[in-house]
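> can't give you the sequence, but here's the structure:
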Ligand SMILES: Nc1ncnc2c1ncn2[C@@H]1O[C@H](COP(=O)(O)OP(=O)(O)OP(=O)(O)O)[C@@H](O)[C@H]1O
């Protein structure tokens, strides 16, 4: 069932996306004419075998990797704009302002505390004042059950805690689009489930469009839509009935 904030108008559209790697005989298609619509308030799961193109699709939709052809149309105050027709500066602003990315390996700064990981995103990304950044960072860490850990650096946190800090860092900007690449792969299922619930809340409670890549079929009951990617071909699949 879609989230309460879901709407009939996509907030992000991938249209006929093609991406190849390599040259000559080493040339290999990672995405073949892939189209996908993401809606506000929905969490979407993308599954598929290793090497099928999942990370490539996430990188293109999030404005990190340019497609060979096709379009990425993102909602910008009610107007769909082609992310790959923007200037590099505009695209950087789009990414900073509208997208949150959660990586498999957390990608936290080793020298910073949990609180500083979030503050830095707000100060650098939005130019938030130190006081505002601290207040919003603390609020988010509280919500994630990390209040007691805010002064700890990544090496002092468990895998589940690190992943929650990484989610907090993506969420604190209140992004319209959240991209998560294997966010539970390093976690036991208890922590993995918590992480998926947080991503689902980002969609259902905050109205974000969440696209999550995973190999883990235990995530299926938590999502609204499920796609399968195989050798660069995308197919929407029915969710298993409960
Ligand atoms: N930078 C690159 N140079 C060359 N080939 C690449 C590059 N990145 C990805 N590929 C190839 O493109 C295909 C799709 O890769 P991609 O990482 O998108 O797959 P994936 O589905 O995310 O895989 P996994 O589940 O193993 O992370 C693979 O065959 C991969 O080897």
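Okay, I see it. Model, not experiment: these values are computed from the prediction.

> for residue 28, give its distance to residue 56.
11 Å (CB to CB, to the nearest Å). For glycine as for every other residue, the C-beta is placed from the backbone atoms N, C-alpha and C.

> can you check residue 208 too?
22 Å.

> quick one, which of the two is more surrounded?
Set residue 208 next to residue 56 and count neighbours by other CB atoms under 10 Å: residue 208 wins out with 29 against 22.

> let's verify the spatially most central residue of the chain: helix, strand, or coil?
The centroid of the chain falls nearest to residue 179 when counting by CA atoms, centre = their mean (1.1 Å). For residue 179, the assignment made with DSSP: H, G, I helix; E, B strand; the rest coil gives strand.

> need the contact list for it.
Residue 179 is in contact with 58, 61-62, 99-102, 211, counting by CB atoms under 8 Å, 6 or more residues apart in numbering.

> tell me the pLDDT at it?
pLDDT, the model's per-residue confidence, is 95 for residue 179.

> with residue 98 instead?
The model's pLDDT for residue 98 equals 88.

> please name the nearest non-neighbouring residue to it.
residue 176 (4.7 Å; CB to CB, 6 or more residues apart in numbering).

> quick one: residue 56 from the ligand, how far?
3 Å (CB to the nearest ligand atom, to the nearest Å).

> make sure that residue is indeed in a strand.
No. Using three-state DSSP, the assignment for residue 56 is helix, not a strand.

> next, the distance between the ends of stretch 202-215.
Using CA to CA, to the nearest Å, the span of stretch 202-215 from its first residue to its last is 21 Å.

> biggest helix in the chain, by residue count?
helix 189-204 (DSSP state H).

> buried residues in that one?
Across helix 189-204, burial judged by 16 or more other CB atoms under 10 Å covers 191-196, 198-204.

> what's it in contact with?
With CB under 8 Å, 6+ apart, helix 189-204 has contacts from 3-5, 41-43, 144, 158-160, 163-164, 167, 171, 178, 180, 183-184, 187, 208-210, 212, 216, 218-219, 222-224.
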